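Visitor: Curious how this folds, go ahead:
(2 chains, ligands or ions: 2)
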Amino acid sequence: MVVTAGDGPAIEVHGLVKRYGKLQALAGLDLVVRRGEVFGFLGPNGAGKTTTLRILATLVRPDGGTARILGHDVVAEADAVRTKIALTGQLASLDEGLTGQENLLLLGRLRGLSRRAARRRAEVLAELFELSDAARRPVRGYSGGMRRRLDIAASLVVTPELLFLDEPTTGLDPHSRAQVWELVREIAAAGTTVLLTTQYLEEADQLAEHVAVIDGGLIVAEGTSAQLKAKVGSGGLHVRVLDRRQRPEAQAVLGAALGTVVHLLPDPHALSVRLSPEVEPTELGALVGRAMTELSRAQVAVATVTLGHASLDEAFLALTGRPGAGSSTDEEDAHQ
Amino acid sequence: MTTASVAASPVQEDWRPDALFAPGAPPRRPGALAASVAFGWRAMLKIKHEPKQLVDVTAVPALLTILFTYLFGGALGGSPRHYLTLLVPGTMVMGVTIVTMYGGARLADDLSTGVFDRFRSLPVWRGAFVVGGLVSDAGRYLLAAGIVATLGVAIGYRPGGGAAGALSAMALVVAFGVSLSWVWTAVALVILDSATVMSLASVVVFPLTFASNVFVPARTMPGWLQAFVDANPVSHLASASRALMNNTGGAGGPVIWSLVATGAITVVFAPLALRLYSKRG
Ligand SMILES: Nc1ncnc2c1ncn2[C@@H]1O[C@H](COP(=O)(O)OP(=O)(O)OP(=O)(O)O)[C@@H](O)[C@H]1O
Ligand SMILES: [Mg+2]
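Guide: Numbering: from 1, shown residues only, chains lettered A, B, ... in the order given. Ligands and ions are numbered 1, 2, ... in the order given. This is a model prediction of the structure:
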């Protein structure tokens, strides 16, 4: 099959399997990412995000299935794949003992730039990523945010056609996170396909046109972020009762009043109801009012009531039908 | 429940998104040599930023030279000039053989860092990383050999073979050191833990260096040990170095044996190490 640039999807994965001993990290994953888009890969700890990225970046061999990057097989044509991709890994993929500038220079040389071109590129990137002052210091002394920026800069020494970012904002403060988001938008705007993993629904929503939710080595939900949000619903009603012994009663009352499933949260006082996306915002007040009236009629003492967006836990409940692997798996958290 | 959304701010005032992207056509992938040189340059930079990396290759040979000269000098008898001709070439062989272990340990540490993933996702010849590292190792061994020779001369050793003899002995020793480097590289790629690599390497290096003719001629030993000492490449290397440095003649045989041992170790372990490296992950 001859694939010319511009043809076909950026990433095409069929039945990808990866085993570590008895543990099945990937259990037959299917994925298609179109060229030029930002694709969000959302999942809890241990879902298989990093494993997938490492296979796609030719660092790990799959035990089964196929993966093609821009038309090239990741196993049979690894070198062709490597010329087109860049990976900013979950752990900083930087040389701690070298300065920021030397890191960029080294990568420039290894990407085939001349000495002069590599030096110029390192300077431009250091300035662009606000690292000029730090460029001559060893990376060992960098803060988390500086490391992240340098790590992304290192992936842009030569423009990749496909950029992998593994949890690019984990551990960053809100300002640095916003910076990275802006960078990702710019990178995508210029035509590079971006596959980024994240544990934050909001991040996927902010950046990605398409989102896949991965759990237990399988894609459990997929769609545009709007479609996924619709599935998750506009948000939830969260109630904390004063006396934890009243929680089962509150669960029954709320369930009857709202006609939906009421989840018990790991906090023994807390319950949560996901509001269906069909509820008109104007009806929301009446609905919550009715629920509160019923609780009060049943003599349930309420501590707090909040109405809010879906958290990752709730998103997982909505998308996978069970809590994310990151949350505590309390038996109480059974679905009613 | 609601995550505060931070308004995305431009990264900086004079933000130039176009500069994010490298101008011009993508460069051609570098050749194996260029990539190896780049990795060798990296190893040199690491020494520049952390000169203490050189402590092992300088301290060990220096210590061995001083220690053995005064420890064994008297027992070996004769004038200092006489026993230095025996000890200095032998110590050089021993010092270099011992410091090869540290390269393996350094590699194991290096392999566990995140930058490794980036190197392996680059479109360059996979062996370049290992070869670049070995070039810097060779530099270290030359330094170690040079320290023994310089200290020896400072104590009173005069190589009868002159600079040419000393340099050819050094070249022989460094080549042997590099062949051992391939062994520790392969070991490090399997073990991935610097402390374990060191202990494993010591188990090989110490018998190899002590059960040799570096300090005492083989004929003073029991038969079984004599057999080992005679077969030990370190013995041949020590004999060759003595003959070359002191210009006492008869260098041919030991030199050939040293080269055969160096070649044999390299032929077995270099492809193994390269295969292990490219298979990693
Ligand atoms: N080298 C390895 N050896 C053994 N098990 C591994 C290895 N790499 C990953 N795993 C296992 O595979 C599963 C998937 O791991 P992976 O790192 O892909 O998850 P992830 O989605 O990236 O999680 P996180 O959000 O914590 O980064 C986990 O159970 C993990 O323990
Ligand atoms: Mg991960």
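Visitor: quick one, what contacts B:His81?
Guide: Careful, residue B:81 is Arg; it's not His. B:Gly156, B:Tyr157, B:Arg158 (CB atoms under 8 Å, 6 or more residues apart in numbering or on different chains). Heads up, the C-betas are built off the backbone N, CA and C, glycines and all.
Visitor: Could you name the helices and strands sitting against the helix or strand bottoming out on mean pLDDT in chain B?
Guide: None of the helices or strands of chain B scores lower by mean pLDDT, DSSP states H and E than helix B:55-76, at a mean of 83. If contacts are counted by 3 or more CB pairs under 8 Å, 6 or more residues apart in numbering or on different chains; DSSP states H and E, helix B:55-76 sits against helix B:80-111, helix B:127-155.
Visitor: Check the offset of the host helix or strand of B:Phe176 from the chain's centre.
Guide: Taking DSSP states H and E as the definition, B:Phe176 sits inside helix B:162-191. How far helix B:162-191 lies from its chain's middle: 6 Å, per CA atoms, centre = their mean, to the nearest Å.
Visitor: Equivalent analysis for stretch A:267-281, please.
Guide: Taking mean C-alpha positions (CA atoms, centre = their mean), stretch A:267-281 and its chain are 23 Å apart.
Visitor: and it, does that touch chain B?
Guide: No. Applying CB under 8 Å from any CB of the partner chain, one finds stretch A:267-281 separated from chain B by no less than 9.0 Å.
Visitor: what's A:His14 sitting at in phi/psi?
Guide: phi -130, psi 120 (degrees, to the nearest 10).
Visitor: Number of residues surrounding the closest residue to B:Arg28 other than its chain neighbours?
Guide: In this structure, B:Arg28 finds its nearest non-sequential neighbour in A:Gly112, 5.2 Å apart by CB to CB, 6 or more residues apart in numbering or on different chains. A:Gly112 has 21 neighbours, counted by other CB atoms under 10 Å in any protein chain shown.
Visitor: Could you do A:Thr51 as well?
Guide: Neighbours around A:Thr51, by other CB under 10 Å: 21.
Visitor: sorry, back to before: what subset of the contacts of B:Arg81 is buried?
Guide: By the neighbour-count criterion of 16 or more other CB atoms under 10 Å in any protein chain shown, these include these buried positions: B:Tyr157.
Visitor: Switch the contacts of B:Arg81 over to a markdown table; also include pLDDT.
Guide: A markdown table is the format used below for the contacts of B:Arg81 (pLDDT from 0 to 100):
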| residue | pLDDT |
| --- | --- |
| B:Gly156 | 87 |
| B:Tyr157 | 90 |
| B:Arg158 | 91 |
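Visitor: Just give me the closest of the contacts of B:Arg81 to ligand 2.
Guide: Comparing the contacts of B:Arg81 against ligand 2 with CB to the ion places B:Tyr157 closest, at 58.3 Å.
Visitor: I'd assumed B:Leu84 was in contact with the closest one.
Guide: Yes. Between B:Tyr157 and B:Leu84 there is a contact at 4.0 Å, judged by CB atoms under 8 Å.
Visitor: hmm, back to that, I'd guessed the residue nearest to B:Arg28 sits against B:Arg29; true?
Guide: Yes. Contact criterion CB under 8 Å: A:Gly112 and B:Arg29 qualify, at 5.2 Å.
Visitor: Now the common contact residues for those two.
Guide: Joint contacts of A:Gly112 and B:Arg29 (CB under 8 Å, 6+ apart) do not exist.
Visitor: Below-threshold pLDDT in chain A: ranges please.
Guide: Low-confidence regions of chain A, defined by pLDDT under 70, span residues A:1-6, A:230-235, A:277-278, A:308-336.
Visitor: which residues does the residue nearest the centre of it bridge with?
Guide: Nearest residue to the geometric centre of chain A (CA atoms, centre = their mean): A:Thr198, 1.8 Å. Listed beta-bridge partners, A:Thr198: A:Leu42 (assigned using DSSP bridges).
Visitor: Chain A against ligand 1: which residues are in contact?
Guide: A:20, A:23, A:25, A:43, A:45-51, A:90, A:199 (CB under 6 Å from any ligand atom).
Visitor: Which parts of the stretch 201-336 of chain A are strands?
Guide: Remark: strands assigned in the stretch 201-336 of chain A by DSSP state E, counting those that start in this stretch are A:210-215, A:218-224, A:235-241, A:262-264, A:270-275, A:302-308.
Visitor: how close does the residue nearest to the centre of chain A sit to A:Lys49?
Guide: 8 Å (CB to CB, to the nearest Å).
Visitor: thinking again about what came up before, distance to B:Ala169 added to the contacts of B:Arg81, as JSON lines?
Guide: Formatted as JSON lines, the contacts of B:Arg81 follow (distance: CB to CB, whole Å):
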{"residue": "B:Gly156", "distance to B:Ala169": "18"}
{"residue": "B:Tyr157", "distance to B:Ala169": "12"}
{"residue": "B:Arg158", "distance to B:Ala169": "14"}
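Visitor: tell me which of the contacts of B:Arg81 is nearest to B:Pro89?
Guide: Lowest distance from B:Pro89 to those (CB to CB) belongs to B:Tyr157, with 9.1 Å.
Visitor: Contacts only, for that closest one.
Guide: B:Arg81, B:Leu84, B:Thr85, B:Val88.
Visitor: tell me which of these is nearest to A:Ala154?
Guide: B:Val88 (47.1 Å).
Visitor: Show the pLDDT at the closest one.
Guide: pLDDT recorded at B:Val88 is 91.
Visitor: how many neighbours does it have?
Guide: If we define neighbours as other CB under 10 Å, then B:Val88 has 28 of them.
Visitor: ok, the nearest residue to it once chain neighbours are set aside to chain A distance?
Guide: In this structure, B:Val88 finds its nearest non-sequential neighbour in B:Gly152, 3.7 Å apart by CB to CB, 6+ apart. Using CB to the nearest CB, to the nearest Å, we find B:Gly152 at a distance of 33 Å from chain A.
Visitor: Ramachandran angles for A:Leu162?
Guide: phi -140, psi 130.
Visitor: about what we covered before: so the residue nearest to B:Val88 sits against B:Thr65, correct?
Guide: Yes. Using CB under 8 Å, B:Gly152 is in contact with B:Thr65, at 6.3 Å.
Visitor: ok, the closest residue to ligand 2 within chain A - contacts?
Guide: Relative to ligand 2, the nearest point of chain A is A:Thr50 (3.1 Å; CB to the ion). Contact partners of A:Thr50, counting by CB under 8 Å, 6+ apart, are A:Gly89, A:Gln90, A:Asp166, A:Thr197.
Visitor: quick one, helices of the stretch 1-150 of chain A?
Guide: A:49-56, A:78-84, A:100-110, A:115-128, A:144-155 (DSSP state H, counting those that start in this stretch).
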